[in-house]
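Engineer: Predicted model and sequence below, questions to follow.
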Amino acid sequence: MDGKAKTKLSALEIQRTQEVVEGVVKKYLAEFVKYFASKSINEMFGKGEFEFRDLLLNLGRDLQEAVIEDRKKGGT
């Protein structure tokens, strides 16, 4: 594969992966907004830190699963 084809493929892969990532992040956006809106500054520490961490870990897991599934389907 020459340099131009490799660059083009990479650009397509980046675009497709970005679409998949944006879809997952969009689903989590409401959860993050709800978390921040429902917590006082003090509630964001202690137990709140673990709730926030769990949201982030769930987001990361779902991102990875979505990208893997997209690739299995032949996305990139």
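Structural biologist: Alright, I've got the coordinates.
Engineer: With adjacent residues omitted, what lies nearest to the residue minimising distance to the centre of the chain?
Structural biologist: Against the mean C-alpha coordinate of the chain, by CA atoms, centre = their mean, the closest residue is L63 at 4.2 Å. Leaving aside its sequence neighbours, L63 sits nearest to V24 (CB to CB, 6 or more residues apart in numbering; 5.1 Å). All C-beta spots, glycine's among them, are computed from the backbone N, C-alpha and C.
Engineer: how close does that neighbour sit to R71?
Structural biologist: Applying CB to CB, to the nearest Å, the value for V24 to R71 is 14 Å.
Engineer: next SSE after the longest helix anywhere in the chain?
Structural biologist: Looking only at the chain and at elements set by DSSP state H, the helix with the highest residue count is helix 3-38. Later in the chain than helix 3-38, the nearest helix or strand by DSSP states H and E is helix 47-72.
Engineer: Packing partners of that next one?
Structural biologist: In terms of contacts (3 or more CB pairs under 8 Å, 6 or more residues apart in numbering; DSSP states H and E), helix 47-72 is packed against helix 3-38.
Engineer: same for the helix it packs on, what does it pack against?
Structural biologist: With contacts defined as 3+ CB pairs under 8 Å, 6+ apart, the secondary structure elements packing on helix 3-38 are helix 47-72.
Engineer: Show me which positions of the helix it packs on end up buried.
Structural biologist: Judged by neighbour count (16 or more other CB atoms under 10 Å), helix 47-72 contains these buried residues: G48, F52, L59, L63, A66, V67, D70.
Engineer: Check stretch 28-41 too.
Structural biologist: Under the neighbour-count criterion of 16+ other CB under 10 Å, stretch 28-41 has Y35 buried.
Engineer: model confidence over that stretch, on average?
Structural biologist: Mean pLDDT, computed over stretch 28-41, is 96.
Engineer: Export only the CA atoms of that stretch, formatted as PDB.
Structural biologist: The C-alpha coordinates for stretch 28-41 follow below in PDB (Å, rounded to 0.1, in the frame of the first residue of the first chain):
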ATOM      1  CA  TYR A  28     -23.900   9.800  28.100                       C
ATOM      2  CA  LEU A  29     -24.100  13.600  27.900                       C
ATOM      3  CA  ALA A  30     -27.500  13.700  29.600                       C
ATOM      4  CA  GLU A  31     -26.100  11.500  32.500                       C
ATOM      5  CA  PHE A  32     -23.200  13.800  33.100                       C
ATOM      6  CA  VAL A  33     -25.400  16.900  33.000                       C
ATOM      7  CA  LYS A  34     -27.800  15.300  35.400                       C
ATOM      8  CA  TYR A  35     -24.900  14.300  37.700                       C
ATOM      9  CA  PHE A  36     -23.400  17.900  37.800                       C
ATOM     10  CA  ALA A  37     -26.800  19.600  38.100                       C
ATOM     11  CA  SER A  38     -27.800  17.400  41.000                       C
ATOM     12  CA  LYS A  39     -24.700  17.800  43.100                       C
ATOM     13  CA  SER A  40     -23.600  20.600  45.300                       C
ATOM     14  CA  ILE A  41     -19.900  21.300  45.400                       C
END
